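J.: model this:
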Amino acid sequence: MQRIASLKFGLLGLTTLSLLPGMTQAGGPSPEHFLNDSAMVLEIRYCECQATEPGNTPTELSPVFLKQSRLLQIGVDREGTGFVSSPEIALGFELKAQPEAPSNFTFKFAGHYDPSNLKVTGTGEVLLTKDQWLNLFSSEHERENSTEYRDVAVRLVSGDL
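T.: You can find the predicted model right below:
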């Protein structure tokens, strides 16, 4: 009789544990585990602030923009297409490695950033250099003695976060 009771409790315990996979699988993979060896990460920063100071190049992002902007990271192959979306931003893109310069990529894109129902859009094809930020598209609006900005910047980094 005691053996039957312990068998029932043993089966009940196994059933309960199988229903709680998070508790039974300690040490599971991290999100970065799913990036393959050749993957790159496209970082997208967006903010209702100015990305570059007047007179600076589109690759010289201001420290204020880097501090205040939101960040999305997307794993991408060296050549391929992708799409990312959040409530404020959507970006579709095509990435192609330049055979003559391994750090350079052709980046074709279409996107919009829509904070506070003030949509800014951008489309184009640009040269994206690995590890270098690029102000992709922006807008500037004059409102009651102040200027409002909306900027989107991207960069491509190695997938080994």
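J.: the residue nearest the centre of the chain and Val84, how far apart?
T.: Among the residues of the chain, the smallest C-alpha distance to the mean C-alpha position (C-alpha atoms, centre = their mean) belongs to Gln73, namely 2.0 Å. Relative to Val84, Gln73 is positioned 9 Å away (C-beta to C-beta, to the nearest Å). Any C-beta I mention is one placed from the backbone N, CA and C, and that applies to glycine too.
J.: what is in contact with those two at once?
T.: Residues touching both Gln73 and Val84 comprise 42, 44, with contact defined as C-beta atoms under 8 Å, 6 or more residues apart in numbering.
J.: helix, strand or coil: sort out the nearest residue to Ser85 once chain neighbours are set aside for me.
T.: Closest residue to Ser85 in three dimensions, ignoring its sequence neighbours and counting by C-beta to C-beta, 6 or more residues apart in numbering: Leu91, at 7.7 Å. Following DSSP: H, G, I helix; E, B strand; the rest coil, we place Leu91 in the strand state.
J.: how many other residues sit next to Leu91?
T.: Summarising burial for Leu91: neighbours were counted as other C-beta atoms under 10 Å, giving 24.
J.: now Thr106, nearest residue through space, not along the chain?
T.: Here the nearest residue to Thr106 in space, its sequence neighbours aside, is Lys96; by C-beta to C-beta, 6+ apart that works out to 4.5 Å.
J.: isn't that neighbour up against Val76?
T.: No. Distance between Lys96 and Val76: 11.2 Å, which falls outside the contact criterion (C-beta atoms under 8 Å).
J.: who's more crowded, the two?
T.: The residue with more neighbours, out of Lys96 and Val76 and counting by other C-beta under 10 Å, is Val76; that gives 19 against 16.
J.: quick one: contacts for that one?
T.: The neighbourhood of Val76, defined by C-beta under 8 Å, 6+ apart, consists of 39-42, 82, 95, 156.
J.: likewise His141?
T.: 118, 147-149.
J.: what pairs with the host helix or strand of the residue nearest to the centre of the chain, and is each one parallel or antiparallel?
T.: Using DSSP states H and E, Gln73 maps to strand 70-76. Partners of strand 70-76 in the sheet, by DSSP bridges, are strand 40-47 (antiparallel).
J.: next one: the strand it pairs with to chain centre, how far?
T.: Average the C-alpha atoms of strand 40-47, do the same for its chain, and the two points are 5 Å apart (C-alpha atoms, centre = their mean, to the nearest Å).
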